[in-house]
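S.K.: Got a sequence here, can you model it:
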Amino acid sequence: MTHQHPDLADEQAYIDHAYQCLETSRTDAWKLRNIHEGTLGGTVQARYERDVFDETLVNRLTQLDLGDAALVFGRIDRVGAVSPSDDSKAVDTSDSVQVESFHIGRLAVADDNREPVVVDWRAPVAEPFYRATGREPMGLARRRHFAVQGRNLLGIEDELFGDGHLGVGQEDDVDAKPGAGLRGYSTLLAVLERGRTGQLGDIVATIQGEQDEIIRSPQAGVLVVQGGPGTGKTVVALHRAAYLLYTFRFPLEDQGVLVIGPNRVFLRYIERVLPSLGEAGVEQVVLADLVHDVTWGGHDAPLAARTKGDLRMSLVIDKAVTDRERPLREDVVVGFRTGYLRLRAQESIRIVRAAQRRFRRHNAARRWVEGEVWASMAATWRDSDLTPAQAKEGIRHLPEIRLALERMWPVLTPAELLHDLYGSKALLKLAAEKHLSEAEYLSLYRPRVEDIESVRWSDSDIALLDEARSYLGSRPVKNGAPEEADEIRTYGHIVIDEVQDLTPMQLRMASRRSLNGSMTVVGDIAQATGPLAPNSWDDVVKHLPDRKGSRIIGLSVGYRIPAQIMDVANRVMKAATPSLRPPTAVRQGEDFPDYVEVASADALGAAVAVETARLVSEIVDGNIAVVAPDPMVEMISAALTAASIKHGRATRTALETGVTVVPVSVVKGLELDGVVVVEPAAIVADEMQGLRALYVALTRSTRRLSIVHAQPLPAAMLADD
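M.R.: Below is the predicted model of the structure:
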């Protein structure tokens, strides 16, 4: 795009018109809301309809507020007769060929006559903009990509179809040149080479064919997306959520869409993507957000983490709940009026077994158990006219009765169940000896504390607490109402990112929230660094819903990472996961990775500071990350401070500063302009999946990579002689 396109002025005028129509729609929406706010009162039905109408208007106003995002980013000219019902602008390109033209944009915009001005990128008519090729033009005569910045059109890139004409980057024969087979290659490169902002942006203007296939894939069942670093799997999954909400607005908007990310740094990194696509109501969480009323921050030894993630723990927790449903060892006899009431041990066996048969959730059975106890004890009174209610009123306050009920059927929270289980080697053995080895169940032991609220639970406990809740149900309170909804909230569609790091128990937890088995899960087996890292997608899929089947689709093109950096990373990938094929990098960077070796560990911090300062001076329009082994983060931060380099810490400020120190444990999924990787050998040694963690660290940069080390580099990083 070195010269001005002859249609630049006309297209700029069209874009200006589209913005005017958008502003008119926004003004009209505000007028409607103001009118609506003046109609207060009325029947319950009228108020309900008014609230629904108001909510719809607010959502519409939110969608119409684009901020700095571009409204229009392309156009397609489709060959064929124009139907009166077509949402198109018809033009005659010659005496014999009639073409209908559609401008593609972030959301649909119409003029005062309700004629379409911009077509939503998710609409079926927009599909050829992303999917047409030279071999399958899908009826297109031309595809036009706009290079835009806000409202300003900077350039135009055309791809022509038919009569053997192919545009820039259009697919022809087998062609290995950079950009072969990509849509709008020059526009794509311009977007990729912009500086990072610390927030993931949408790719709605540059979605490629294989990405669009995933985005528009049918909703039913589990869709697994395997994608190496830089293939855009995360942003594709988010665009798919936006597409499904557009296509299946009812009932999906009411059912809800849930996005599960690996950590809070990642959530802050992706938080603007869906709002930029007009979908602000999607719930974005880490797994810990789905478990309430506990404190996080605990850590597990490797064996304990692996054990807690194993699917056998579901059997252990089930048995732990059953172990708390116990008949009495001996009769309980208490004074009542001028005599005695008795709860026989044999009768307690009947009550417990009947409750186990009748109730799916443990806590829900407590009131029934109490009722049976009162009835049983009333039946032992010497006169036949004593009612269970009278017996309850007379003895429920007695400590012997409270102890008996707590033994037979205690009311438990998930935290109480697990705290008791972890704090007793006898309870652990009773619940787990048929399912776990002795070393495995003893790895779960930790001394009990008096105040359960002071317990700091680990990430590995999240799924176990959730599993316990699924068996226990909610805890009843004095007025008979539960503390919270007994059923776990379910969603019409669930997106899970970095799914390869979830344990079987965590996958089970996520699946529990699926209403109908519709899920999009994305990840990269080569980047699996969790305690139970899978070796294939079969190891993941078997723990996900199977009602509608599953599909696995791969992303083969790496858009973000320059080939020079991928060459280094791919050596590590080959050593870590030799059965996987790396993505093909389409960008040739300007620089090869830099290696800085220092004489000793004492000099490491200063060398990192010098290298960071160099990248800051050379990358003036982007952001820098220093990726370090978790134990070195404090030292690296102190070295940067000593060198007067202003920086943030990813766990506190996400990527909001120009320079950020990022522990290798939370760097997955992020992208930066420049990256300094500190001490690769320590990363390999410290992490459970060391080579895979190093592969993740080496594949975060879009422009420059520096490696600073005192220890010898891992053999996997070295080029073959």
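S.K.: What's the local residue count around residue 303?
M.R.: When neighbours are defined as other CB atoms under 10 Å, residue 303 has 15 of them. Where C-beta positions appear, they are placed from N, C-alpha and C, glycine not excepted.
S.K.: Spatially nearest residue to it, not counting backbone neighbours?
M.R.: Leaving out its chain neighbours, the residue that sits closest to residue 303 by CB to CB, 6 or more residues apart in numbering is residue 443, at 4.4 Å.
S.K.: my read: residue 118 touches residue 125, true?
M.R.: No. Residue 118 is not in contact with residue 125 according to CB atoms under 8 Å; the separation is 11.6 Å.
S.K.: any idea of the mean pLDDT in whichever strand or helix holds residue 522?
M.R.: Element membership for residue 522 (DSSP states H and E) is strand 519-523. Strand 519-523 shows a mean pLDDT of 97.
S.K.: so what strands line up beside it?
M.R.: Strand pairing for strand 519-523, using DSSP bridges, gives strand 222-227 (parallel), strand 493-497 (parallel).
S.K.: Turn these into TSV, columns for distance to residue 381.
M.R.: As requested, the strands paired with strand 519-523 are arranged in TSV below (distance: least, CB to CB, whole Å):
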stretch	distance to residue 381
strand 222-227	59
strand 493-497	55
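S.K.: Can you say which of the ones you listed is packed in most?
M.R.: Across these, averaging neighbours per residue (mean count of other CB atoms under 10 Å) puts strand 493-497 on top, at a mean of 26.
S.K.: Could you export it as PDB, CA atoms only?
M.R.: Extracted C-alpha coordinates of strand 493-497, given in PDB (Å, rounded to 0.1, in the frame of the first residue of the first chain):
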ATOM      1  CA  HIS A 493     -21.700 -22.400  26.300                       C
ATOM      2  CA  ILE A 494     -18.400 -22.600  28.000                       C
ATOM      3  CA  VAL A 495     -15.000 -21.500  26.700                       C
ATOM      4  CA  ILE A 496     -11.900 -22.800  28.400                       C
ATOM      5  CA  ASP A 497      -8.500 -21.400  27.500                       C
END
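S.K.: Measure how whichever helix or strand comes after that strand sits relative to strand 222-227, angle-wise.
M.R.: The helix or strand immediately downstream of strand 493-497 is helix 504-511, counting by DSSP H and E. Between the axes of helix 504-511 and strand 222-227, defined by axes from the mean of the first three to the mean of the last three CA atoms, to 10 degrees, the angle is 120 degrees.
S.K.: Which elements pack onto helix 504-511?
M.R.: helix 302-309, helix 312-323, helix 461-472 (3 or more CB pairs under 8 Å, 6 or more residues apart in numbering; DSSP states H and E).
S.K.: looking at those, which is buried most?
M.R.: Comparing those by mean count of other CB under 10 Å gives helix 461-472 as most buried, with a mean of 24.
S.K.: what's the nearest residue to residue 490 once chain neighbours are set aside in contact with, if anything?
M.R.: With sequence-adjacent residues excluded and distances taken as CB to CB, 6+ apart, residue 490 is closest to residue 515, at 4.1 Å. For residue 515, the contact set (CB atoms under 8 Å, 6 or more residues apart in numbering) comprises 255, 490, 491, 492.
S.K.: count of neighbours near the second one?
M.R.: Spelled out, it's residue 490. A total of 14 residues lie near residue 490 under the criterion other CB under 10 Å.
S.K.: In contact with it: list those residues for me.
M.R.: Neighbour list for residue 490: 255, 512, 513, 514, 515 [criterion: CB under 8 Å, 6+ apart].
S.K.: Please apply the same query to residue 252.
M.R.: Taking CB under 8 Å, 6+ apart, we find residue 252 in contact with 244, 245, 492, 493.
S.K.: Mind putting those residues into a markdown table with pLDDT and distance to residue 634?
M.R.: Putting those into a markdown table (pLDDT from 0 to 100; distance: CB to CB, whole Å) gives the following:
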| residue | pLDDT | distance to residue 634 |
| --- | --- | --- |
| 244 | 95 | 43 |
| 245 | 93 | 43 |
| 492 | 96 | 44 |
| 493 | 96 | 41 |
